[in-house]
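Asker: return a 3D structure for these sequence lines:
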Amino acid sequence: FTATSTATRLNTSLWGGSYYQDVTPADGTYFYRVVTVNQADTTSPLSPEAQATTDRTAPYVVSVGYATTGAYSPSGPRYGRGKLTVNVLLNEELQAAPFFSLNPVGGSPISLTLRKNSANALLYTGSFEVGDGTPCGTAYAVFSGWDVAGNRGTEVQSGGSVLLDSCGPVMTGLQVTPAAPIRNDAENPATLAIVAAFDSGDVPVGGPSLKWRLSQNQTDWTELGLSPFTANSWSGSLVLPSTAGQPGESLEFAYRGVDSLGNTGTVISATSSFQVYQGQLPPLESPWELTAEALPGGQVRLTWQAV
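Answerer: Here you go, the predicted structure:
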């Protein structure tokens, strides 16, 4: 503008300082000129024009994209062992590279160093290796960045989580029928029905390998034949040796399985050791690590380890 008549006056009274802070009604480009007024109330010519573009919108992540050179399954999708590349697209330019991490549930945050794309100032890229030390499960994206105007943003609109999987399948259920304690008979050895179960979406490809042994009479591992039972379980049976349970002992199981991403699992999170006996059921072991703690009011707290 070239005349005060075509502009909006900001101050309602004379301003004695050498600065003024304007609060604009909306984001946009604003043009400014200043005049001085002397004691005779004479107005000076307009100063040279200055302009500024306001921005009160915080930066945010429009989308986070994931790509890998390693193991991958579209179910989930799941990202296995290998280099995982993370592409972060923003809504506006930043002062500097933002903070970005993937925070696995129950694990330590994975901080990524992001680098600006030379052809697109709104795109940042980082990567890390998914391997043995990487927590498995859902990891959530955490973002923090400042735009040119100094607004801080933390929002992630799309791609805010990723499923990492470098862990083998876990056997979550191991059912033995009849249930423990298992009474064996040397004249008519017990036949056991075994069902091994896994969580849906975390099953071994081709089925699990399940082995058994006895803690006293047959300490070598023996493979147990299994057949599909349900979509996420397998079943089999075994006849106990006539000597099993004499003396009382434990029937133990060990497992191995490989999932669709090539991860090997050996963990049985369910009970995998079962008592076997002949004749009369032997007594339980005595509780151990018994401690006594004196409390106020003449009370004593007793604690021990479960048998």
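Asker: look up how far Val35 lies from Gly28.
Answerer: According to CB to CB, to the nearest Å, Gly28 stands 23 Å off from Val35. For glycine as for every other residue, the C-beta is placed from the backbone atoms N, C-alpha and C.
Asker: residue boundaries of the helices in the stretch 201-307 of the chain?
Answerer: Counting by DSSP state H, counting those that start in this stretch, the stretch 201-307 of the chain forms no helices at all.
Asker: what about it, any weak spots by pLDDT?
Answerer: Along the stretch 201-307 of the chain, no part satisfies pLDDT under 70.
Asker: any idea how far the most centrally placed residue in the chain is from Asp132?
Answerer: Nearest to the mean C-alpha position of the chain, by CA atoms, centre = their mean, lies Pro104 at 2.6 Å. Pro104 is 14 Å from Asp132, where distance means CB to CB.
Asker: next: Val34.
Answerer: Val34 sits 66 Å away from Asp132, taking CB to CB as the criterion.
Asker: am I right that Ser5 sits in a helix?
Answerer: Yes. Under DSSP: H, G, I helix; E, B strand; the rest coil, Ser5 sits within a helix.
Asker: for Pro45, see how far away it is.
Answerer: Counting by CB to CB, the separation of Ser5 from Pro45 is 14 Å.
Asker: ditto for Gln299
Answerer: Taken as CB to CB, the span from Gln299 to Pro45 is 91 Å.
Asker: Val34 and Asp132: who's more crowded?
Answerer: Between Val34 and Asp132, counted using other CB atoms under 10 Å, the more crowded position is Val34 (15 against 9).
Asker: next up, the contacts around the spatially closest residue to that one that is not a sequence neighbour.
Answerer: Counting by CB to CB, 6 or more residues apart in numbering, the nearest residue to Val34 once its immediate chain neighbours are dropped is Ser47, at 4.5 Å. Ser47 sits next to 33-35 when contact means CB atoms under 8 Å, 6 or more residues apart in numbering.
Asker: repeat for Gln216
Answerer: So Gln216 contacts 247, 249 (CB under 8 Å, 6+ apart).
Asker: can you give me the neighbour number for Ser18?
Answerer: Neighbours of Ser18 (other CB under 10 Å): 6.
Asker: and the gap between it and Pro135?
Answerer: Distance of Ser18 to Pro135, computed by CB to CB: 56 Å.
Asker: what's the local residue count around Arg78?
Answerer: For Arg78, using other CB under 10 Å, the count is 22.
Asker: residues in contact with the spatially closest residue to it that is not a sequence neighbour?
Answerer: Setting aside the residues directly before and after it, Arg78 is nearest to Asp165 in space (CB to CB, 6+ apart), at 4.4 Å. Asp165 makes contact with 73, 76, 78-80, 136-137, 259, 261, 263 under the criterion CB under 8 Å, 6+ apart.
Asker: if you set the cut-off to 10 Å instead, what comes out?
Answerer: By CB atoms under 10 Å, 6 or more residues apart in numbering, the residues touching Asp165 are 71-73, 76-81, 130, 134, 136-137, 201-202, 259-261, 263.
Asker: just Val62 next, same as before
Answerer: Contacts for Val62 (CB under 10 Å, 6+ apart) come out as 88-92, 122-123, 155-159.
Asker: partners of the residue nearest to the centre of the chain in the sheet?
Answerer: Going by DSSP bridges, Pro104 is paired in beta bridges with Ala139.
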